[in-house]
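Peer 1: Mind folding the following:
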Amino acid sequence: MTVTIFLWLLGLGVFLLIAPRLLLRLQLSRAKHRSLAGHAKLSRRLARLMPHYEYDESQFFRADDAPEEVGEQRRAAFRRLAGLYAHRFANTVRLTQEVQDEISDLQFTARYRVPFQFSRLVRQHLNAGSFVVSSNGPTTTDLDGNRRYDLTGSYGVNVFGYDFYKECIERGSTRVRDLGPVLGAYHPVTAGNVHRLRAISGLDEISFHMSGTEAVMQAVRLARYHTRRRYLVRFCGSYHGWWGEVQPGVGNPVTERDTLTLKDMSEQSLRVLRSRRDIACVLVNPLQALHPNAGAPSDSTLVDSGPRTSFDRAAYMAWLERLRQVCSERSIVLIFDEVFLGFRLAPGGAQEYFGIRADMVTYGKTVAGGLPIGVLCGRAPLMKRFREDRPADVCFARGTFNSHPYVMGAMAEFLERLDTPEIQACYRDLDAVWNGRAARLNDRLREAGVQVRVANLSSVWTVCYLQPSRYHWMFQYYLRAEDLALSWVGTGRLIFSLDYSEVDFAAVADRFVAAARQMLQDGWWWQGETLTSRAIRRRVLLEMFRARVHRPSDRSAGPPAGKTALDSKA
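Peer 2: Numbering: from 1, shown residues only. Modelled structure (predicted):
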């Protein structure tokens, strides 16, 4: 009897000891998004298992089991498009090919512009090159003299137009020329930059870094230093630079140890924040308001119709208010990562746009007039790198080119111009202007009978596909043929600079609609009764399984090296 009571009490004690941990683990599991983006370890394991295989030329044009005549229609269209690219971009492509084996970035982006099953034939025949020689207004010009409307936004840098940034760099360089690249000491323009950044961010202290990634790294390091807590929280799909702690899952060769990835806009995530005592900070990238819980859209992942995207400003603002409240209650540092969106939504950035004050804010290259920079603004108690009462307990951070005079000069120009009437006019009715443009383009796409729409967060847009297809990724090549410049992710992200006039945008809209009509006419958006997104995904999974177990099917053979049958039929 005594032994039984002892064992019962022992069991009860063990249960009481582990029950809180089990509860926390359960809450954490429920707060993870059910997609692979929400489960870093699983996504990494599956990525390692995914086999490479390629479609032969026949299956390239009929991967959706379209009728043979539709396949031939696509083949002829592809041949015409390939001929146009070869003629129009000859010099630009020639130089790109000359250095491609020497620039690793080019090799990566070339392979991941489209789903890998289609990649080789596309790389052989639809290369527009990667060199440009000049910019003017919202356009860039390549080595062949092609003048294209720029929808890359220089990955977020180009907010006010290339002419604006060229002037910032030129005049900023003149201001600091007498000092040159003196590092360690500060050029006097730095003082004005600091005062202006404090006013914009509403925060107390500033530190400068080489890049946005470094600024986020320092924000997280300081949050951990001052809270003496271990974990950072990021939200599913968000991007905060390419360092390991904030890029769990695919792309990171090591396992992150101290990062929790939770569902965006979820009460279950707030419960995790309320219940744990080991969370140092929460990272928020406001761009996620456009595609919560999903990574940056890319044409290389368009297996079927892709995710639906929309922006609800009121809903996201309400979410940030609840998040701010919980972080304040639990002494968790709230960090806004505005490296990408900084100054695009409002002069005060996302803090002003959504009406929320963070404890720390990071900015990127646009604030330095287009030159490399990372800026961290924060509350004074969080920015200190030392403890008054513990002289050996410091939070170390260094960077060789921090506060580089030429960067500070261009930043001074940028921050001074931010208050000018010309730049303030760019912000006037900003949402109404860009929402109206998106609505008008969608009306035209509807009238054209194409199942394509755009969604936007102000001047950041993405293309949405309303019907299942294996070939949505082809749309980017039709857009480039209409002289619209896209980044390597294709139609997943279009970034307009705020200097686009109504005339400029009308030209873009005309070309966008023309590209969609031509792609529809060329048969890429053929629809069969059995062609559903679910059926497409099942088919691709079956192909992967066959390739994995080394049972090649007629869909796993790659096209022959060198000349292909496509050339022989030209």
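Peer 1: three-state assignment of residue 454?
Peer 2: Here residue 454 is strand, with the state taken from DSSP: H, G, I helix; E, B strand; the rest coil.
Peer 1: now do residue 334
Peer 2: Under three-state DSSP, the three-state class of residue 334 is strand.
Peer 1: what does residue 526 give?
Peer 2: coil.
Peer 1: Pull up the gap between it and residue 473, please.
Peer 2: Computed as C-beta to C-beta, to the nearest Å, the residue 526 to residue 473 distance reads 15 Å. To be clear about C-beta, it is placed using only N, CA and C from the backbone, and glycine gets the same treatment.
Peer 1: So for the two, which residue has more residues nearby?
Peer 2: residue 473 (25 against 20; other C-beta atoms under 10 Å).
Peer 1: Tell me who's in contact with the more buried one.
Peer 2: By C-beta atoms under 8 Å, 6 or more residues apart in numbering, residue 473 lies in contact with 113, 114, 115, 118, 299, 300, 302, 490.
Peer 1: Same check on residue 297?
Peer 2: For residue 297, the contacting residues are 291, 306, 307, 309, 462, 489, 491, 492, 493, by C-beta under 8 Å, 6+ apart.
Peer 1: quick one: pLDDT of the first one?
Peer 2: I take that to be residue 291. The per-residue pLDDT reported for residue 291 equals 92.
Peer 1: again, but for the second one
Peer 2: Listed pLDDT for residue 306 reads 71.
Peer 1: just checking, next helix/strand downstream of the helix or strand encompassing residue 133?
Peer 2: Using DSSP states H and E, residue 133 maps to strand 132-136. Using DSSP H and E, the helix or strand that directly follows strand 132-136 along the chain is strand 139-142.
Peer 1: So which elements touch that following strand?
Peer 2: Applying 3 or more C-beta pairs under 8 Å, 6 or more residues apart in numbering; DSSP states H and E, we find strand 139-142 packed against strand 132-136, strand 147-150.
Peer 1: Out of those, which one sits most buried?
Peer 2: Across the helices and strands packed on strand 139-142, the average number of neighbours (mean count of other C-beta atoms under 10 Å) peaks for strand 147-150, which reaches a mean of 21.
Peer 1: Contacts for that one, please.
Peer 2: 135-136, 138-142, 158, 162, 480, 483-485, 497, 504, 507-508, 511.
Peer 1: in the helix or strand following it, what counts as buried?
Peer 2: Moving toward the C-terminus from strand 147-150, the next helix or strand (DSSP H and E) is helix 162-176. For helix 162-176, burial by neighbour count (16 or more other C-beta atoms under 10 Å) applies to 162, 164, 165, 167, 168, 169, 171, 172, 173, 175, 176.
Peer 1: In JSON lines: those residues, plus distance to residue 101.
Peer 2: Compiled in JSON lines, those are given as follows (distance: C-beta to C-beta, whole Å):
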{"residue": "162", "distance to residue 101": "30"}
{"residue": "164", "distance to residue 101": "36"}
{"residue": "165", "distance to residue 101": "31"}
{"residue": "167", "distance to residue 101": "37"}
{"residue": "168", "distance to residue 101": "35"}
{"residue": "169", "distance to residue 101": "31"}
{"residue": "171", "distance to residue 101": "39"}
{"residue": "172", "distance to residue 101": "36"}
{"residue": "173", "distance to residue 101": "34"}
{"residue": "175", "distance to residue 101": "41"}
{"residue": "176", "distance to residue 101": "38"}
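Peer 1: Is residue 333 bridged to anything, and to what?
Peer 2: Here residue 333 sits in beta bridges with residue 281, as judged by DSSP bridges.
Peer 1: name the element residue 327 belongs to?
Peer 2: Counting by DSSP H and E, residue 327 is part of helix 313-329.
Peer 1: Please compute how far whatever helix or strand residue 80 lives in lies from its chain's middle.
Peer 2: Assigned by DSSP H and E, residue 80 belongs to helix 68-88. Going by C-alpha atoms, centre = their mean, to the nearest Å, the spacing between the C-alpha centre of helix 68-88 and its chain's C-alpha centre is 31 Å.
Peer 1: relative to helix 68-88, how tilted is the following helix or strand past it?
Peer 2: Remark: after helix 68-88, the chain's next helix or strand is helix 90-100, criterion DSSP H and E. Taking axes from the mean of the first three to the mean of the last three C-alpha atoms, to 10 degrees, one finds helix 90-100 and helix 68-88 inclined to each other by 90 degrees.
Peer 1: can you put the contacts of residue 473 in JSON lines and add secondary structure, pLDDT and neighbour count?
Peer 2: Converted to JSON lines, the contacts of residue 473 look like this (DSSP: H, G, I helix; E, B strand; the rest coil; pLDDT from 0 to 100; neighbours: other C-beta atoms under 10 Å):
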{"residue": "113", "secondary structure": "coil", "pLDDT": "93", "neighbour count": "23"}
{"residue": "114", "secondary structure": "coil", "pLDDT": "94", "neighbour count": "25"}
{"residue": "115", "secondary structure": "coil", "pLDDT": "94", "neighbour count": "20"}
{"residue": "118", "secondary structure": "helix", "pLDDT": "95", "neighbour count": "21"}
{"residue": "299", "secondary structure": "helix", "pLDDT": "91", "neighbour count": "24"}
{"residue": "300", "secondary structure": "helix", "pLDDT": "89", "neighbour count": "20"}
{"residue": "302", "secondary structure": "coil", "pLDDT": "85", "neighbour count": "25"}
{"residue": "490", "secondary structure": "helix", "pLDDT": "94", "neighbour count": "25"}
